[in-house]
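Colleague: any chance you can model this:
(2 chains)
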Amino acid sequence: MVMSLFASQEPTNSIEWTVFLARKYSDMFLQGTYLTLYTAVIGTLVGFLLGYLIGMVQDLSINPEDNIIKKTLTRAIKWICSIYVEIFRDTPMIVQAMIIYYGLRQANVEMTPVFAGILVTVLNTGAYMAETVRAGIGSIDIGQREGAFAMGMSPVKTMLYVVLPQAFKNIIPEMANTFLTNLKMTSVLNVIAVQELFMAAKTAGGNYYKYFESYLVIAIIYFVLCFVFNKLFGLLEAKMQGDEDYALAVEYMDNQ
Amino acid sequence: MGEAILSIKDLGKSFGNHEVLRKIDIEVDKGEVICIVGSSGSGKSTLLRCINRLEKQTRGKIYFHNKEVKDIQKDINDYRSKVGMVFQSFNLFNNMTVLENCMLCTRKVLHISKEEAFDRAITHLKEVGMAPYINAKPSMLSGGQKQRVAIARALCMNPEVLLFDEPTSALDPEMVGEVLSVMKELATTGLTMIIVTHEMAFARDVSTRTIFMDNGYVAEDAAPEELFGNPKNARTREFLSRYLAG
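Modeller: Presented below is the predicted three-dimensional model:
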């Protein structure tokens, strides 16, 4: 039995077929894993940046004392941001991928499927993260800001040094979630011909008409990837919690 | 009287239809230690928050060294860096250590060097007896320790006026003492202080002037011996009699 698993002749059952396909198309699966990770990591990171930016914009307050240009401009930017967030949260990613890729091609903008895939992931992540960041900022006690304002810190510096670092820590679990979702959601990008894992399984399975076994291979790959990243994020979160202990600065103990 | 450092003229503040401050006129001279007392809801804290511009007044003006504090963010930041504030709920930055709390604003607002910011922080933390705790995060400190750090943090800015908004109200009786003694010490250094408090004995002993607020007005503004010994206003008498009876 063990020998037959590695035999090169025709496989006879599902387990053998799974192993056979995984071996035969190992290059394709590896390439798919690489593209899946590449798209998910870049898309998520840039998406986070976009999300933070928009989350901060949505948190801007309009000061009635400001001049009319600044007020109008702030309102316009906030308005555009909320429309963007609404559109991308209310449509499926697979449809966004089709519209962006084929829409831009129709407008004579040439791009590779991978670039389009990353773009869709970024825009999608940005919309969800904007809401997460906004909620994260809102969860920080207003006293934290007032403490900084009361000493003359500007609203922007207060956001950067006091509010965001605390909000960031609070939304790490949600950021991890978003990344794992993205890792799995890249599978829809096969509709615009990104050669990621789903596409690899479709191709490998199609050649032998063994779809169950072929998708089993990538199910295992997805599972291992997500499992590993989940553990990594858990470690990161524990690290961000920081020490529960502190060392007394004994050099200052006596001369008080 | 000395030079007026802070003048509050005809100040009014409403939240919707609710008028919290009706007509406040106060002149603060350099070196004065003013305690503001009064029942809850009389507008004491709102007045202090208006002075620091955390609330925007609906009427009236505030002058700092005879110059109006205008509604321009840069001017407000500049003004706030000279008029510090200590809060009831401490408001230490939770993501930073004690030392970082004391250095952030001197570095980012006053733009002083790291060495100088460190020296200032240590000097003021020593004054409040918190220097050994420079590596602690706020969550590891007791309420009284947090408030002493908050006072040190405010002092690092070298403020001309320091506002205290019920600094001991969130503390248990044992910790009230440690914070009040730090403030008593400060009062002797010539720093101009405006303190909203419910600690009557402290107000009587430490202030150079006591203001009794009632219903959005300054009901009585007098030397502490006068206000506590021989109050002129009927509401002041009523308020104090309850405290002294208790």
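Colleague: the helix or strand where residue A:53 lies packs against which elements?
Modeller: Applying DSSP states H and E as the criterion places residue A:53 in helix A:26-59. Using 3 or more C-beta pairs under 8 Å, 6 or more residues apart in numbering or on different chains; DSSP states H and E as the contact test, the elements touching helix A:26-59 are helix A:68-89, helix A:113-138, helix A:172-185, helix A:197-208, helix A:211-241. Where C-beta positions appear, they are placed from N, C-alpha and C, glycine not excepted.
Colleague: can I get these in TSV with mean pLDDT and distance to chain B?
Modeller: TSV is the format used below for the helices and strands packed on helix A:26-59 (pLDDT from 0 to 100; distance: least, C-beta to the nearest C-beta, whole Å):
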stretch	mean pLDDT	distance to chain B
helix A:68-89	92	11
helix A:113-138	94	13
helix A:172-185	93	13
helix A:197-208	90	39
helix A:211-241	91	10
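Colleague: tell me which of those helices sits most buried.
Modeller: Highest mean neighbour count of the helices and strands packed on helix A:26-59: helix A:113-138, a mean of 22 (counted as mean count of other C-beta atoms under 10 Å in any protein chain shown).
Colleague: after that helix comes which helix or strand?
Modeller: helix A:142-149.
Colleague: in the very next helix or strand once past that following helix, what counts as buried?
Modeller: Using DSSP H and E, the helix or strand that follows helix A:142-149 towards the C-terminus is helix A:155-158. Applying a neighbour-count criterion of 16 or more other C-beta atoms under 10 Å in any protein chain shown, the buried positions in helix A:155-158 are A:155, A:157, A:158.
Colleague: quick one: contacts of stretch A:219-236?
Modeller: Residues from elsewhere that reach stretch A:219-236, judged by C-beta atoms under 8 Å, 6 or more residues apart in numbering or on different chains: A:29, A:33, A:36, A:37, A:172, A:173, A:176, A:179, A:180, A:183, A:184, A:197.
Colleague: low pLDDT regions in chain B?
Modeller: Confidence mapping of chain B against pLDDT under 70 gives the ranges B:1-2, B:245-246.
Colleague: chain A versus the residue sitting furthest away from the middle of it, what's the distance?
Modeller: Within chain B, residue B:115 marks the point farthest from the mean C-alpha position, 28.0 Å out by C-alpha atoms, centre = their mean. According to C-beta to the nearest C-beta, to the nearest Å, residue B:115 and chain A sit 17 Å apart.
Colleague: ok, now residue B:111?
Modeller: Distance, residue B:111 to chain A, using C-beta to the nearest C-beta: 11 Å.
Colleague: confirm that that residue sits in a helix.
Modeller: No: Residue B:111 is assigned coil when assessed by DSSP: H, G, I helix; E, B strand; the rest coil, not a helix.
Colleague: okay, now it: neighbour count?
Modeller: Residue B:111 has 8 neighbours, counted by other C-beta atoms under 10 Å in any protein chain shown.
Colleague: same check, this time on residue A:54
Modeller: For residue A:54, the neighbour count with other C-beta under 10 Å is 24.
Colleague: which residues does it contact?
Modeller: A:81, A:84, A:85, A:126, A:127, A:129, A:130, A:133.
Colleague: show me the two of those that sit farthest apart.
Modeller: A:84 and A:133 (14.1 Å; C-beta to C-beta).
Colleague: so where do the strands sit in chain B?
Modeller: B:4-15, B:18-29, B:33-37, B:59-64, B:67-68, B:83-86, B:161-165, B:192-196, B:209-214, B:217-222 (DSSP state E).
Colleague: would you turn the ones you listed into CSV with mean neighbour count and distance to chain A?
Modeller: Compiled in CSV, these are given as follows (neighbours: other C-beta atoms under 10 Å in any protein chain shown; distance: least, C-beta to the nearest C-beta, whole Å):
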stretch, mean neighbour count, distance to chain A
strand B:4-15, 17, 15
strand B:18-29, 17, 17
strand B:33-37, 26, 17
strand B:59-64, 17, 13
strand B:67-68, 12, 14
strand B:83-86, 26, 4
strand B:161-165, 24, 8
strand B:192-196, 25, 13
strand B:209-214, 24, 21
strand B:217-222, 19, 23
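Colleague: export those as JSON lines, with columns for distance to residue A:97.
Modeller: Formatted as JSON lines, those follow (distance: least, C-beta to C-beta, whole Å):
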{"stretch": "strand B:4-15", "distance to residue A:97": "49"}
{"stretch": "strand B:18-29", "distance to residue A:97": "53"}
{"stretch": "strand B:33-37", "distance to residue A:97": "63"}
{"stretch": "strand B:59-64", "distance to residue A:97": "57"}
{"stretch": "strand B:67-68", "distance to residue A:97": "57"}
{"stretch": "strand B:83-86", "distance to residue A:97": "52"}
{"stretch": "strand B:161-165", "distance to residue A:97": "54"}
{"stretch": "strand B:192-196", "distance to residue A:97": "59"}
{"stretch": "strand B:209-214", "distance to residue A:97": "63"}
{"stretch": "strand B:217-222", "distance to residue A:97": "66"}
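Colleague: picking that back up, reformat the contacts of residue A:54 as CSV; add distance to residue B:241.
Modeller: Shown next, in CSV, are these (distance: C-beta to C-beta, whole Å):
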residue, distance to residue B:241
A:81, 58
A:84, 63
A:85, 59
A:126, 63
A:127, 62
A:129, 59
A:130, 57
A:133, 53
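Colleague: distance of the residue lying closest to residue A:179 once chain neighbours are set aside relative to residue A:124?
Modeller: In this structure, residue A:179 finds its nearest non-sequential neighbour in residue A:44, 4.8 Å apart by C-beta to C-beta, 6 or more residues apart in numbering or on different chains. When distance is defined by C-beta to C-beta, to the nearest Å, residue A:44 is 10 Å away from residue A:124.
Colleague: over to residue B:235?
Modeller: Going from residue B:235 to residue A:124 by C-beta to C-beta gives 62 Å.
Colleague: cool, and residue B:170?
Modeller: In terms of C-beta to C-beta, residue B:170 sits 44 Å off from residue A:124.
Colleague: one more: residue B:30?
Modeller: From residue B:30 to residue A:124 the distance is 59 Å (C-beta to C-beta).
Colleague: number of nearby residues for residue B:141?
Modeller: Residue B:141 has 19 neighbours, counted by other C-beta under 10 Å.
Colleague: these two touch, right, it and residue B:133?
Modeller: Yes: between residue B:141 and residue B:133 there is a contact at 6.7 Å, judged by C-beta atoms under 8 Å.
Colleague: what touches both of those two?
Modeller: Contacts common to residue B:141 and residue B:133, judged by C-beta under 8 Å, 6+ apart, are B:98, B:149.
Colleague: which secondary structure element is home to residue A:17?
Modeller: Here residue A:17 sits within helix A:14-24, counting by DSSP H and E.
Colleague: may I have that helix as PDB, with CA atoms only?
Modeller: Extracted C-alpha coordinates of helix A:14-24, given in PDB (Å, rounded to 0.1, in the frame of the first residue of the first chain):
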ATOM      1  CA  SER A  14      -8.800   8.800  -4.200                       C
ATOM      2  CA  ILE A  15      -5.900   9.000  -1.800                       C
ATOM      3  CA  GLU A  16      -3.500   7.800  -4.500                       C
ATOM      4  CA  TRP A  17      -5.000  10.200  -7.000                       C
ATOM      5  CA  THR A  18      -4.500  13.100  -4.500                       C
ATOM      6  CA  VAL A  19      -0.900  12.200  -4.000                       C
ATOM      7  CA  PHE A  20      -0.400  11.600  -7.700                       C
ATOM      8  CA  LEU A  21      -1.800  15.000  -8.700                       C
ATOM      9  CA  ALA A  22       0.100  16.800  -6.000                       C
ATOM     10  CA  ARG A  23       3.400  15.200  -7.300                       C
ATOM     11  CA  LYS A  24       2.700  15.600 -10.900                       C
END
